[in-house]
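Asks: Generate coordinates for the sequence data below:
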Amino acid sequence: MNRFFVWLHTLRSIVLAFRVIAFERFGMVVLTIWAALSLLIVLPVAVVDPSAAAVVAAAAALLYPLVRKAADTRRHRLIRIGDRIEYARTDDDEDYRQRFTVGAVLRYLDAEEVRRTGMYDPLRMEDARHFYLVGSADATDVVTFDQVVGIEIDGPEDDKKGSI
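Replies: Got it, this is the predicted structure:
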């Protein structure tokens with residue numbers, strides 16, 4: 001039974017690593033997946049008719065910007081509850097230096113919940129669609145998806161073990 005839990009923990013770590021890579025290199029991941037799917041269609045068509053394969057490849061290339069735009073609207077789904085994220089702090093608009101903080105995502109918030117908490121400026125809220133309640137060592141913050149810089153690879157349970 002112990003081997004099973006070690007295997008599950010290893011699988012969870014691999015999935016987290018893939019999510020971190022997908023978040024950091026999102027454009028490259030979308031391009032790779034779209035190219036692989038396009039090749040699955042183009043190669044069989046190329047066997048039958050090479051000119052039709054060229055038309056299908058051109059159509060796939062022309063559709064890529066639409067696919068990329070659709071994928072960008074779903075990028076926020078790479079962040080899960082319990083993930084450690086690095087985000088830009090925007091406490092003081094007059095301060096020209098940008099500070100980054102690491103915190104754990106406690107829960108997702110919708111716009112109405114953010115208004116009720118009063119923890120975020122309503123004027124800046126109109127542009128954002130996805131909000132997270134993030135607990136850091138300093139405080140608990142409401143963070144928009146646009147403020148998230150990256151997902152940290154070590155989870156919250158690693159902090160308890162004293163990882164470096």
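Asks: Look up the residues forming beta bridges with Val148.
Replies: For Val148, the beta-bridge partners are Tyr87 (DSSP bridges).
Asks: May I have the lengthiest strand in the chain as PDB, with CA atoms only?
Replies: If you go by DSSP state E, the chain has its longest strand at strand 99-109. This file holds the C-alpha atoms of strand 99-109, laid out as PDB (Å, rounded to 0.1, in the frame of the first residue of the first chain):
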ATOM      1  CA  ARG A  99       7.100  43.700  -5.800                       C
ATOM      2  CA  PHE A 100       6.400  40.000  -6.100                       C
ATOM      3  CA  THR A 101       5.000  37.700  -3.400                       C
ATOM      4  CA  VAL A 102       4.500  34.000  -3.200                       C
ATOM      5  CA  GLY A 103       1.300  32.700  -1.700                       C
ATOM      6  CA  ALA A 104      -1.100  29.700  -1.700                       C
ATOM      7  CA  VAL A 105      -4.400  29.900  -3.600                       C
ATOM      8  CA  LEU A 106      -7.100  29.500  -1.000                       C
ATOM      9  CA  ARG A 107     -10.200  29.700  -3.200                       C
ATOM     10  CA  TYR A 108     -11.600  31.200  -6.400                       C
ATOM     11  CA  LEU A 109     -13.700  34.300  -6.100                       C
END
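Asks: Could you look up the next helix or strand downstream of that strand?
Replies: Later in the chain than strand 99-109, the nearest helix or strand by DSSP states H and E is helix 111-117.
Asks: Report the next helix or strand after that next one in sequence order.
Replies: helix 122-125.
Asks: which helices and strands does that next one pack with?
Replies: Secondary-structure packing of helix 122-125 (3 or more C-beta pairs under 8 Å, 6 or more residues apart in numbering; DSSP states H and E): helix 111-117. Every C-beta, even on glycine, is put in place using the N, C-alpha and C of the backbone.
Asks: quick one: the most centrally placed residue in the chain and Ile85, what's the gap?
Replies: Nearest to the geometric centre of the chain sits Leu78, at 3.7 Å (C-alpha atoms, centre = their mean). According to C-beta to C-beta, to the nearest Å, Leu78 stands 10 Å off from Ile85.
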